[in-house]
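*Asks:* Let's see this in three dimensions:
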Amino acid sequence: MPIAAVPIYLGQDFSSASPGLRFGMYLPLWGVNRRTRELLWSTSDIDHAVRGQQREEREIKVENKTFALQQACRLTAQDKATMRALAQRQAHAAQPAPGMFTLEATASAPFTTGLGNEHPLENGFAFLNPYGLPYLPGSGVKGVLRRAARELASGDWGDGHGWSQEKIHLLDRVELSTIDVLFGRESADGDSEHVRGALSFWDAIPQIPGDSLAVDIMTPHQSHYYQQRQESRSGGSASPHDSGAPNPISFLTLPPGTGFTFHVACDAARLELLAPDLAHDGRWQALLGAAFEHAFEWLGFGAKTAVGYGAMQVDERARHQRRQARAEAEKARHTASLSPAQQAIEAFVAELRAKHEQFPAYKEKPNAAFHTQARALARAAHEGADWSAEEKRAAAEAIETWLPRVVQVDVKDERKKLKLAALKG
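*Replies:* Have a look, this model is predicted:
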């Protein structure tokens, strides 16, 4: 069995380590001679088997790459709990912060990132230290969205959704476009006119369905060309051609269905300084939302996007739930800012309005529930020592407006019975 290149006192059981450690430091890749237990320092074991027409025992090589990746792929219950906890921590940190943009998405294709990281298996992977879990760096998110914004601003994709290349903003004689304001301006070499953008992009923590990452295989046929080797199996030529020998290379991916939550923070004060028109009426959020949707559909996130990896789509269900939660939180904050009298009036109006909107042609008979509520509100306004004149007037107007819409009453009689004129003052 292959072993990890670690000191003997650590042993070889790393089943409880994180995927990042099992893919890196504890990767069981290095081969041994299975008969002599000699360490070979290659990626294959040497085993012995009877082969050939002479039925002779021969040494055979057993490749360890697949086994090593399978060991790194598994997600333990602790890994999944940590993955959820990291996402929840981000959500809690983002929730109370003003100027936050949050968008949930689901991968519609495999996702991979960090393939350029050094690794014995040729292709690395991006793991977030010290948790050892996959992640998409915020810098990668920013790069994709900047490209999406540039493509939309170019006009080559039809509707630019508000993105423009025009330099209509000014900071200390430096002209800035909308893209410069939000993502920052990188000046040419030797030029000092750099400008920091107003947006900050957080790392995205994938929520992986199932109990493991996935392994995909690429088979480049032109390795003799890339490495400029003249081999007989490639026809002795170092130029690219279709007779090149396939070279299967395994690499880690995340399966389709993996969830991503993108958080983008806006420095509201800086945006107000650079481009006041973008700071209001949700303009920067609308621009960013359009860039995300363009990136999901046409660009993709992570590596190998040219062959379809990293494609995503907006999680509409999560977006609806987020909007609903935001509306409820806003309603709760508004209610908490009201006096008890104002809360009673608003609750009365909300209940009667909901009934009227649901059944516009229906009216309840007198002395039923809504009629009783109107009487209770009028009595509270008359007897409440802490009710202001304005609150009493608002209660009277609410009863006059909404009671006749849902109850079969004569509003003139109700004015007299409930003494609404006295409440109005």
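*Asks:* For the closest residue to residue 237 other than its chain neighbours, give its distance to residue 224.
*Replies:* Using CB to CB, 6 or more residues apart in numbering and skipping the chain neighbours, the partner closest in space to residue 237 is residue 230 (6.7 Å). All C-beta atoms are positioned from the backbone trio N, CA, C, and that covers glycine. Remark: distance between residue 230 and residue 224 (CB to CB, to the nearest Å) = 7 Å.
*Asks:* More neighbours: those two, which one.
*Replies:* residue 224 (23 against 11; other CB atoms under 10 Å).
*Asks:* what sits in contact with each of residue 230 and residue 224?
*Replies:* Here residue 230 and residue 224 have 237, 238 as joint contacts, going by CB atoms under 8 Å, 6 or more residues apart in numbering.
*Asks:* How about the residue nearest to the spatial centre of the chain: what's its closest non-neighbour residue?
*Replies:* The chain has residue 261 as the residue nearest its centroid, 1.6 Å off, counting by CA atoms, centre = their mean. The shortest distance from residue 261 to any non-neighbouring residue, by CB to CB, 6+ apart, is to residue 104 (5.1 Å).
*Asks:* now the helices for this structure?
*Replies:* 19-23, 65-73, 77-94, 138-154, 178-183, 223-226, 268-274, 283-294, 316-336, 340-358, 369-383, 389-406, 411-417, 420-424 (DSSP state H).
*Asks:* buried residues in the shortest one?
*Replies:* It stands for helix 223-226. Residues of helix 223-226 classed as buried: 223, 224, 225 (neighbour count, 16 or more other CB atoms under 10 Å).
*Asks:* Which of those residues sits closest to residue 176?
*Replies:* Among the buried residues of helix 223-226, residue 225 lies closest to residue 176 (CB to CB), at 43.8 Å.
*Asks:* Find the residue closest to the closest one in space, skipping its chain neighbours.
*Replies:* Using CB to CB, 6+ apart, the closest residue to residue 225 is residue 240 (4.2 Å).
*Asks:* if I read this right, that neighbour contacts residue 220, doesn't it?
*Replies:* No. At 10.5 Å, residue 240 and residue 220 do not qualify as touching, with contact defined as CB atoms under 8 Å.
*Asks:* Which stretch among the helices of the chain approaches residue 132 most closely?
*Replies:* Nearest to residue 132, of these and by CB to CB, is helix 19-23 at 2.9 Å.
*Asks:* what's the average pLDDT for the closest one?
*Replies:* Per-residue pLDDT over helix 19-23 has a mean of 94.
*Asks:* next one: stretch 156-168
*Replies:* 87.
*Asks:* Give me the contact list for it.
*Replies:* 149-154, 175-180, 283, 286-287, 290-291, 294, 298.
*Asks:* Over to stretch 132-145?
*Replies:* So stretch 132-145 is contacted by 17-22, 79, 82-83, 86, 111, 113, 125-128, 183, 199-206, 208, 213, 254, 260, 262, 264, 288, 291-292, 295, 299-302 (CB under 8 Å, 6+ apart).
*Asks:* Only the buried members of these: can you turn that into a ChimeraX selection?
*Replies:* The ChimeraX selection below is limited to those of those classed as buried (16+ other CB under 10 Å):
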select :17,18,19,20,21,22,79,82,83,86,111,113,125,126,127,128,183,199,201,202,203,204,205,206,208,213,254,260,262,264,288,291,292,295,299,300,301,302
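*Asks:* neighbours of the nearest residue to residue 50 once chain neighbours are set aside, just the number please.
*Replies:* Distances taken as CB to CB, 6+ apart put residue 57 closest to residue 50, at 5.3 Å, once the chain neighbours are dropped. Residue 57: 11 surrounding residues under other CB under 10 Å.
*Asks:* For this protein, give me the ranges with low pLDDT.
*Replies:* Counting by pLDDT under 70, the ranges of the chain that qualify are 96-97, 190, 234.
*Asks:* Kindly recompute the last result at 50.
*Replies:* Of all residues in the chain, none has pLDDT under 50.
*Asks:* any idea how it splits into domains?
*Replies:* Domain assignment for the chain by the TED database gives 8-71, 75-221+246-324, 338-423.
*Asks:* With respect to residue 235, which of those lies nearest?
*Replies:* Closest among these, using CB to CB: domain 75-221+246-324, at 12.2 Å.
*Asks:* Show the end-to-end separation of that closest one, please.
*Replies:* Separation of the first and last residues of domain 75-221+246-324 by CA to CA, to the nearest Å is 33 Å.
*Asks:* what distance separates it from the centre of its chain?
*Replies:* Relative to its chain's centre, domain 75-221+246-324 lies at 8 Å (CA atoms, centre = their mean, to the nearest Å).
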